[in-house]
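1. fold the following for me, if possible:
(one chain, ligands or ions: 1)
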Amino acid sequence: MRIDVVTIFPGYLDALDLSLVGKARRDGLLDLRVHDLRDWTTDRHRTVDDTPFGGGAGMVMRPDVWGRALDDVLGRTGGGDPAGRQVLLVPTPSGERLTQRTVEDLATVDQLVLACGRYEGIDARVAEHYADAGVEVREFSLGDYVLNGGEVAALVVVEAVARLLPGVVGNPQSLVEESHGAAGLLEYPVYTKPPAWAGREVPEILLSGHHGNIARWRRDLALERTAERRPDMVGTLDPADLDRRDRAV
Ligand code: 6GU
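-> Residues are numbered from 1 along each chain as shown. Here you go, the predicted structure:
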């Protein structure tokens, strides 16, 4: 998969050289390219923003600069059909909430482009223009709080998507039982050695070697945790699926 990130702070994305994402890049599983938006400016000051029409506080990012950058990165300059499915992702606190379901879908596309806005955001015509040109455009938010720009959201998307690409996570089984996975529950608590620490013992059942009882205990705790911490998620569970999974442990 190819992922392009366009930002005025390319250094923010340096962390993507590290850990599993860095290894995926070096192994050729992920073609990640970070671009400086100012490379597409034409004036001496390398201006990317201007004052908002209609008045108000702050600055808005100019559509002409973004248009040149995105045409290049999406391969829409110099003719020729761009290959495959392209998704333009625009991080913004006014977007749709990003979920694991969306991330799973994004992991199947050929090219993801992240357009990181700063200030009060990007001129609204940019998203409309690329949607009209046949690019899937998704404006997304991480949650109900405000960040200064889209760079942290780009880090989030790259990491969440990259770990779903074939070969990136060593043991694919670790993708199966996690929070926000197919069961629709938060993950159960986990423990490792030593069996006693700070006066606390690991739950005895985990040392019993009885896999059936352990699976039952883990499912009970996942249900309890989800009900306590995320009552909103409980409402979305399908009772028939809950029963089916309950009978399976
Ligand atoms: Cl995606 N961008 C910004 N600027 N703020 C956010 C966000 C995104 N998600 C939550 N807050």
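
2. for the rest of this, base every contact and every neighbour count on C-alpha atoms.
-> Fine.

3. pretty sure Y188 is touching R219, no?
-> Yes: the criterion here is CA atoms under 8 Å, and Y188 meets it with R219 at 7.1 Å.

4. show me the domain layout of this structure.
-> 2-162, 179-248 (automatic domain parsing).

5. now these in a markdown table, with mean neighbour count and distance to the ligand?
-> Supplementary listing: the domains of the chain in a markdown table, determined by neighbours: other CA atoms under 10 Å; distance: least, CA to the nearest ligand atom, whole Å:
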| stretch | mean neighbour count | distance to the ligand |
| --- | --- | --- |
| domain 2-162 | 17 | 4 |
| domain 179-248 | 13 | 18 |
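
6. using TSV, lay out the ones you listed together with mean pLDDT and distance to Q173.
-> Formatted as TSV, those follow (pLDDT from 0 to 100; distance: least, CA to CA, whole Å):
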stretch	mean pLDDT	distance to Q173
domain 2-162	96	16
domain 179-248	95	12
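
7. and the next element down the chain from the strand or helix carrying R101?
-> According to DSSP states H and E, R101 maps onto helix 100-106. Sequence order places strand 111-115 as the next helix or strand after helix 100-106, per DSSP H and E.

8. what about S208, distance to I214?
-> 8 Å (CA to CA, to the nearest Å).

9. what about V157, helix or strand, and which?
-> Assigned by DSSP H and E, V157 belongs to helix 151-162.

10. about what we covered before: what's the helix holding R101 in contact with?
-> V87, L112, V157, A160, V161, L164, H180, G181 (CA atoms under 8 Å, 6 or more residues apart in numbering).

11. run the chain-centre distance for it.
-> Relative to its parent chain, helix 100-106 has a centroid offset of 8 Å by CA atoms, centre = their mean, to the nearest Å.

12. spatially nearest residue to A182 (excluding sequence neighbours)?
-> Nearest residue to A182, sequence neighbours excluded (CA to CA, 6 or more residues apart in numbering): V176, at 7.5 Å.

13. burial measure for that neighbour, as a count.
-> By other CA atoms under 10 Å, 12 other residues sit near V176.

14. hang on, it packs against A183?
-> No: using CA under 8 Å, V176 is not in contact with A183, being 9.0 Å away.

15. ok, the spatially most central residue of the chain - contacts?
-> Computing the C-alpha centroid of the chain and ranking residues by CA atoms, centre = their mean puts V157 first, at 2.3 Å. Contact analysis of V157 by CA under 8 Å, 6+ apart lists V103.

16. and what of G184?
-> Applying CA under 8 Å, 6+ apart to G184 gives the contacts M233, L237.

17. separation between it and P172?
-> Counting by CA to CA, the gap from G184 to P172 is 18 Å.

18. so what does the longest strand seen in the chain touch, helix or strand wise?
-> Of all the segments of type strand in the chain, defined by DSSP state E, the longest one is strand 86-97. When contacts are defined as 3 or more CA pairs under 8 Å, 6 or more residues apart in numbering; DSSP states H and E, strand 86-97 sits against strand 111-115, strand 136-141.

19. if anything else comes up later, I'll come back, but that's it for now.
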